[in-house]
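> make a model of this:
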Amino acid sequence: MGVRRWIGTWPVYRQIAGADRLGRGKAAESRRSAGLAPRTDSADRVVTSVCPYCAVGCSQRVYVKDERVVQIEGNPDSPISRGRLCPKGSASKQLVTGPQREQKVLYRPPYGTAWQELDLATAMDMVADRVLDARRRGWQDTDSAGRTLRRTMGLASLGGATLDNEENYLIKKLFTALGAIQIENQARI
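Reported below is the predicted structural model:
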């Protein structure tokens, strides 16, 4: 390769010598990047969604190919986020496609050193039994002055930031119906 041809491969030289003076187009493009295509080009369809991480409600475009999520980006049509996502929202694809996501119920018994697999029905029964037991043991019908309380001090809820608004609404309704008074969400903290 001659020196002149070698210098012609430099993006700065292409920027100065070519029509792309600001270096935002072809001048900054390498041979490798010239052959790349966006992941969104191969999508069969685009579904609009809402970012699950906080209460802001940024709109997302979810690109789907063969019923699998291939990319998630901000929705430029959203008046809330105008196509922008925070780092957590930009990485929300890993919620549904991450290899570290558990696909089965794991349980470690008290004083146990290893996890055991449980079927979902057994795990749900265990959770329901423990919730009802904690509610019963912490129940306060009245205070020391005889005023009606009808609450439990045995339950509290701290919702996660990966829950959407509908899930947090339902959790709030459930825990209020159970008599819990300490109900919070991580997105508000």
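> confirm that Gly154 lies within a strand, as I assumed.
Yes. Membership of Gly154 in a strand is supported by DSSP: H, G, I helix; E, B strand; the rest coil.
> could you point out which element follows the top helix by length along the chain?
With secondary structure taken from DSSP state H, the chain has its longest helix at helix 120-137. Next along the chain after helix 120-137, taking DSSP states H and E as the criterion, comes strand 139-142.
> run me through the strand neighbours of that following strand, direction for each.
Applying DSSP bridges to the sheet, strand 139-142 is found paired with strand 148-159 (antiparallel).
> in the longest helix of the chain, what counts as buried?
131, 134-135 (16 or more other C-beta atoms under 10 Å). The way it works is simple: take the backbone N, C-alpha and C, and place the C-beta from them, glycine included.
> for Tyr63, helix, strand, or coil?
What three-state DSSP gives for Tyr63 is strand.
> export the buried residues of helix 120-137 as TSV, with columns for distance to Glu117 and pLDDT.
Output for the buried residues of helix 120-137, formatted as TSV (distance: C-beta to C-beta, whole Å; pLDDT from 0 to 100):
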residue	distance to Glu117	pLDDT
Val131	22	95
Ala134	25	95
Arg135	28	95
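> pretty sure Glu184 contacts Asn168?
No. With contact defined as C-beta atoms under 8 Å, Glu184 does not reach Asn168; the gap is 10.0 Å.
> can you check which residues contact both of those two?
Among the neighbours of Glu184, those also in contact with Asn168 (C-beta atoms under 8 Å, 6 or more residues apart in numbering) are Gly159.
> neighbour-wise, which of these two wins?
For Glu184 versus Asn168, the count of surrounding residues by other C-beta atoms under 10 Å is larger for Asn168: 20 against 12.
> quickly note the distance from that one to Ser30.
Look at Asn168 and Ser30: by C-beta to C-beta, to the nearest Å, they are 46 Å apart.
> what's the pLDDT at the closest residue to Leu149 other than its chain neighbours?
Take Leu149 and drop its neighbours on the chain: the residue closest to it by C-beta to C-beta, 6 or more residues apart in numbering is Gln140, 4.7 Å away. Gln140 is assigned a pLDDT of 94 by the prediction.
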